[in-house]
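Asker: Structure for this input, please:
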Amino acid sequence: MNQAVLDCLVTGHEYLIDGLAPPDEDDRHVLAAAIRSRSSVIVTFNLKDFPVDALVGHDVEAQHPDEFIMHLIDLNPASVLEAVRTCRARLKNPPKSPEEYLDTLLQQGLPETVAWLCQYKLAI
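Answerer: Numbering: from 1, shown residues only. Purely as a prediction, here's the structure:
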């Protein structure tokens, strides 16, 4: 990940951790890193541990991955489609057909994304 996205590693956030109070204190570092990096979104399946009241005042919101991907689709559908095609094409052991790949995404909890992608099966 560090090679693919040069600024993905967040440092210097440790001083913020003790002052944060999400429901699960083991998630404080996640919120601290989001604040430090000036991220506007924490993308997580675990929304219950990032409720609005724990994020208020930090200019951060939590989004389910399905919602986040749908926002990306609204912004640039061609880029999302190309990214999905690339990800599926990289699967070698085992490779997956477009249908199998969509089934995997559905099992992972991305129903809206899969519903949108279904219309582009031949492109992925």
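Asker: and Val114, how many neighbours?
Answerer: 19 (other C-beta atoms under 10 Å). Any C-beta I mention is one placed from the backbone N, CA and C, and that applies to glycine too.
Asker: got it, and Asn46?
Answerer: Per other C-beta under 10 Å, the neighbour tally for Asn46 reads 13.
Asker: Chain neighbours aside, what residue packs nearest to it?
Answerer: Asp27 (7.7 Å; C-beta to C-beta, 6 or more residues apart in numbering).
Asker: Ser39 now?
Answerer: Nearest-residue entry for Ser39: Val60, 6.4 Å, with adjacent residues in sequence omitted and distances by C-beta to C-beta, 6+ apart.
Asker: Just the pLDDT at Asp7, thanks.
Answerer: Reported pLDDT at Asp7 in the predicted model: 81.
Asker: And the helix or strand of the chain with the lowest mean pLDDT, what's buried?
Answerer: Sorted by mean pLDDT, DSSP states H and E, the helices and strands of the chain end with helix 52-55, the least confident at a mean of 94. Judged by neighbour count (16 or more other C-beta atoms under 10 Å), helix 52-55 contains these buried residues: 54-55.
Asker: Which strands or helices does that helix pack on?
Answerer: Packing partners of helix 52-55 (3 or more C-beta pairs under 8 Å, 6 or more residues apart in numbering; DSSP states H and E): strand 61-63.
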